[in-house]
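Asks: mind looking at a prediction? Sequence and model below.
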Amino acid sequence: MPLAPCSYCRQRSDAKLSQVTWAWLNAARERVAWRQKLCVACFVQNVLGLDKEVDLTAPLSCPACGIGTEHDYDAVYITSFIPGQGKMRLELPTCGACAAIIRGRAMENAERLEDRLALVEGPGPSNTDTSDPWAALGIRPRD
């Protein structure tokens, strides 16, 4: 039995937990992401129930309530790692109201992830002499 309980229901399960990362853009257009570990029942309830087949010829519709989202599109992105099954990705064309509900469930006992852009920011390699290919690699003569 896993030591960690399910992030959503807080129960311990006999089966391994899935790892689910929920992400979206906030009002300032910044990426927000939360990670949960879900048991099978909570995965089915919170993730699998939103996995609807998309008709590429039809207008977008919210997978939760079914209304058209052409003019009220507030996407939620899900990346799941399911034990023994691998990676599963979903892009949900949710309406604003359903996105708020889904995001609330996604934050339930979840771990907030650092902003990926903050992890890669900072000074990069600096070379002032790019005409010499060895210098461009950062190899300089010894003094």
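Replies: Perfect, thanks for sending it. Residues are numbered from 1 along each chain as shown.
Asks: quick one, helices of the chain?
Replies: For the chain, the helices defined by DSSP state H occupy 40-46, 96-106, 116-120, 133-136.
Asks: can you mark which positions in the longest one are buried?
Replies: Buried residues in helix 96-106, counted by 16 or more other CB atoms under 10 Å: 98-99, 102-103, 106. (C-beta placed from N, C-alpha, C; glycine too.)
Asks: circling back to that earlier point, pick out the shakiest of the helices of the chain, pLDDT-wise.
Replies: Note on the helices of the chain: helix 116-120 shows the lowest mean pLDDT, a mean of 55.
Asks: now do the contacts for residue 82.
Replies: Neighbouring residues of residue 82 by CB atoms under 8 Å, 6 or more residues apart in numbering: 18, 43, 88.
Asks: identify the bridge partners of it.
Replies: residue 86 (DSSP bridges).
Asks: hmm, residue 96 is touching residue 76, no?
Replies: No: judged on CB atoms under 8 Å, residue 96 makes no contact with residue 76 at a distance of 11.0 Å.
Asks: just to revisit the earlier point, turn the contacts of residue 82 into TSV, including neighbour count and distance to residue 6.
Replies: Converted to TSV, the contacts of residue 82 look like this (neighbours: other CB atoms under 10 Å; distance: CB to CB, whole Å):
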residue	neighbour count	distance to residue 6
18	21	9
43	21	9
88	16	18
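Asks: tell me how many other residues crowd the residue lying closest to residue 25 once chain neighbours are set aside.
Replies: Excluding the flanking residues, the one nearest residue 25 by CB to CB, 6 or more residues apart in numbering is residue 31, at 6.0 Å. Residue 31 has 13 neighbouring residues, counting by other CB atoms under 10 Å.
Asks: gap between the closest residue to residue 98 other than its chain neighbours and residue 50?
Replies: Excluding the flanking residues, the one nearest residue 98 by CB to CB, 6+ apart is residue 64, at 3.9 Å. As judged by CB to CB, to the nearest Å, residue 64 and residue 50 stand 6 Å apart.
Asks: show me the strands in the protein, by range?
Replies: Counting by DSSP state E, the chain has strands at residues 18-25, 31-38, 76-82, 86-92, 111-112.
Asks: got the contact list for the shortest one?
Replies: Looking back up the chat, that one is strand 111-112. Outside strand 111-112, the residues that reach it (CB under 8 Å, 6+ apart) are 32-36.
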